[in-house]
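1. Output the structure for:
(2 chains)
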Amino acid sequence: TQLLEQSPQFLSIQEGENLTVYCNSSSVFSSLQWYRQEPGEGPVLLVTVVTGGEVKKLKRLTFQFGDARKDSSLHITAAQPGDTGLYLCAGAAVYSGGGADGLTFGKGTHLIIQP
Amino acid sequence: NAGVTQTPKFQVLKTGQSMTLQCAQDMNHEYMSWYRQDPGMGLRLIHYSVGAGITDQGEVPNGYNVSRSTTEDFPLRLLSAAPSQTSVYFCASSYLADQPQHFGDGTRLSIL
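-> Presented below is the predicted three-dimensional model:
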């Protein structure tokens, strides 16, 4: 069973501060996805990282995939109240033969940005 | 483009009642899945389908049934509701199992 551990579980910071959330596993993933979920809605994809060491930027959000493809981080610069939400990482398994179990989701980081 | 549509958005049931949560997608996705989301537990896979006529169990399938008669629809049936099934249920779809998932807005279900 592949597990993805996210940290911290909860984070509350002031507007304008920087933050980093982590997604770690002992397993190798073929790709890793980050989602944001707002109250009353389903998760929405932010980015997919595929290559070990890959860095992707989405405005003030920077996503990095670890060299060994076992971990990832999300860094937010100058956080804004609109960044508030639940951030989920999800890994796609490296299959040695068939299977359609889909993604392994972390439990998420609840982020609150206070004005 | 509606994406993934779930109905109802809210439902309250009594223990022992049965009901069906509806999920429809208009993106011609082959892969569809059902998750439940509980505080501190994250998203847990209930059942999934890789195409019409094919379904399989996920991590927490007990108490739930699914069918996939068409590519578009993937209903989730609660056979005899129990308080432990109080949760938020999400349906998702994608072209393949490991591709980015498109989620519906969820059904909030309370079992009394």
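2. where does chain B have low pLDDT?
-> B:1 (pLDDT under 70).
3. Could you tell me which residues of it lie near chain A?
-> By the rule C-beta under 8 Å from any C-beta of the partner chain, the part of chain B lying against chain A is B:4, B:31, B:33, B:35, B:40-43, B:45, B:48, B:50, B:56, B:58, B:90, B:92, B:97-106. Yep, even glycine has a C-beta here, placed from its N, CA and C like the rest.
4. Report the contact partners of residue 10.
-> Looking at chain A here, since you left the chain open. By C-beta atoms under 8 Å, 6 or more residues apart in numbering or on different chains, the contact set of residue A:10 is A:109-110, A:112.
5. Not quite, go with chain B.
-> Per C-beta under 8 Å, 6+ apart, neighbours of residue B:10: B:107-109.
6. any idea which element residue B:45 lies in?
-> strand B:42-51 (DSSP states H and E).
7. Strand partners (parallel or antiparallel) of that strand?
-> strand B:31-38 (antiparallel), strand B:54-57 (antiparallel) (DSSP bridges).
8. just to revisit the earlier point, including pLDDT, secondary structure and distance to chain B, could the contacts of residue A:10 go into CSV?
-> Below are these laid out as CSV (pLDDT from 0 to 100; DSSP: H, G, I helix; E, B strand; the rest coil; distance: C-beta to the nearest C-beta, whole Å):
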residue, pLDDT, secondary structure, distance to chain B
A:109, 97, strand, 11
A:110, 97, strand, 10
A:112, 97, strand, 16
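9. Which residue, other than its chain neighbours, is closest to residue B:45?
-> residue B:58 (3.1 Å; C-beta to C-beta, 6 or more residues apart in numbering or on different chains).
10. shouldn't the one you found be in contact with residue B:44?
-> Yes: counting by C-beta atoms under 8 Å, residue B:44 is a contact partner of residue B:58 at 7.4 Å.
11. who has more neighbours, these two?
-> Counted by other C-beta atoms under 10 Å in any protein chain shown, residue B:58 and residue B:44 do not tie: residue B:58 has more neighbours, with 18 against 15.
12. what is the residue of chain B found nearest chain A paired to in the beta sheet?
-> Nearest to chain A, among the residues of chain B, is residue B:103, at 3.1 Å (C-beta to the nearest C-beta). Under DSSP bridges, the beta-bridge partners of residue B:103 are residue B:92.
13. buried ones in the helix or strand of chain A with the lowest mean pLDDT?
-> Taking mean pLDDT, DSSP states H and E as the measure, the helix or strand of chain A with the lowest value is strand A:103-105, at a mean of 90. Across strand A:103-105, burial judged by 16 or more other C-beta atoms under 10 Å in any protein chain shown covers A:103-105.
14. Cool, thanks, talk later.
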